[in-house]
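1. coordinates only, no sequence provided:
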């Protein structure tokens, strides 16, 4: 299974994502620059956190127009796995690959600490190695993580089981404590917390590791290969 880690000017969690793949599941992984126009070689695309283009305008509003995002949209439509983390989540919403928007934290402060999440949907390719309702510890680091959508969209999220993670103690004012969502097909997930920073107990938690094993197992299930469960 081949992973791509996108790199935009201002990305600062690309190395974390690369190392998480390399050290937790040992699959091939490449950095892919934002000007790339072909992602056909990759099975999973990671859109990392950071401050792409300095967060000028809105977070993710400029990255959304990068050439590589046309390829991300094609990959999503083809059913490939897309994971947007923090700024990556913001980029996916700006690109219309996920519904809703990320607003300023209600405290108007940057929040950077461990947080407890509840696994609401463990049926996505990213969460099958978790139990439904399980609480996990994943760190956050964001100033604009306050998820918002209109009532109609929120109703669809609930009806289609698109809410993947919620905060146990809401750190940012996010609607219904939402920490992560998926598209209707389940192959695109965006989340504000950083699973790539929770893959080893030395980091304070290894609860994020199972996101990467889930992705690999989902891909192996599709291709008839042995899982790592």
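-> Structure's in. What do you need? These figures come from a predicted structure and were not determined experimentally.
2. residue 192 versus residue 160, what's the distance?
-> Shown here: residue 160 relative to residue 192, a distance of 20 Å by C-beta to C-beta, to the nearest Å. Any C-beta I mention is one placed from the backbone N, CA and C, and that applies to glycine too.
3. who's more crowded, those two?
-> residue 192 (33 against 15; other C-beta atoms under 10 Å).
4. list the contacts of the closest residue to that one other than its chain neighbours.
-> Distances taken as C-beta to C-beta, 6 or more residues apart in numbering put residue 145 closest to residue 192, at 4.0 Å, once the chain neighbours are dropped. Residues near residue 145 by C-beta atoms under 8 Å, 6 or more residues apart in numbering: 86, 102, 105, 111, 171-172, 174, 192.
5. could I get the phi/psi values of residue 145?
-> Main-chain torsions, residue 145, degrees, to the nearest 10: phi -120, psi 10.
6. how close does residue 147 get to residue 9?
-> Residue 147 is 25 Å from residue 9, where distance means C-beta to C-beta.
7. of the two, which one has the most company?
-> Neighbours of residue 147 and residue 9, each counted by other C-beta under 10 Å, are more numerous for residue 147; the result is 29 against 14.
8. so that one bridges to which residues?
-> Bridge pairing for residue 147 (DSSP bridges) gives the partners residue 102.
9. quick one: distance of the helix or strand that residue 215 is a member of to the chain centre.
-> Using DSSP states H and E, residue 215 sits in helix 209-223. Computed by C-alpha atoms, centre = their mean, to the nearest Å, the separation of helix 209-223 from the middle of its chain amounts to 15 Å.
10. flag every buried residue along it.
-> Applying a neighbour-count criterion of 16 or more other C-beta atoms under 10 Å, one finds 209-219 buried in helix 209-223.
11. now stretch 92-104
-> 92-95, 97-103.
12. which strands and helices lie in contact with the helix holding residue 215?
-> Packing contacts for helix 209-223, counted by 3 or more C-beta pairs under 8 Å, 6 or more residues apart in numbering; DSSP states H and E, involve helix 14-24, strand 81-85.
13. and the angle from that helix to strand 81-85?
-> Angle of helix 209-223 versus strand 81-85, following axes from the mean of the first three to the mean of the last three C-alpha atoms, to 10 degrees, is 170 degrees.
14. circling back: report the two of the buried residues of helix 209-223 separated the most.
-> 209 and 219 (16.2 Å; C-beta to C-beta).
15. I'd guessed residue 160 sits against residue 184; true?
-> Yes. Assessed by C-beta atoms under 8 Å, residue 160 is found in contact with residue 184 at 5.3 Å.
16. OK, contacts around the residue lying closest to residue 128 once chain neighbours are set aside?
-> Spatially, and ignoring its direct neighbours in sequence, residue 128 is nearest to residue 214 (4.7 Å; C-beta to C-beta, 6+ apart). Shown in contact with residue 214 (C-beta under 8 Å, 6+ apart): 124-130.
17. could those residues go into CSV alongside pLDDT and neighbour count?
-> Listed next are the contacts of residue 214 as CSV, based on pLDDT from 0 to 100; neighbours: other C-beta atoms under 10 Å:
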residue, pLDDT, neighbour count
124, 98, 27
125, 97, 24
126, 98, 29
127, 98, 26
128, 97, 18
129, 98, 20
130, 98, 22
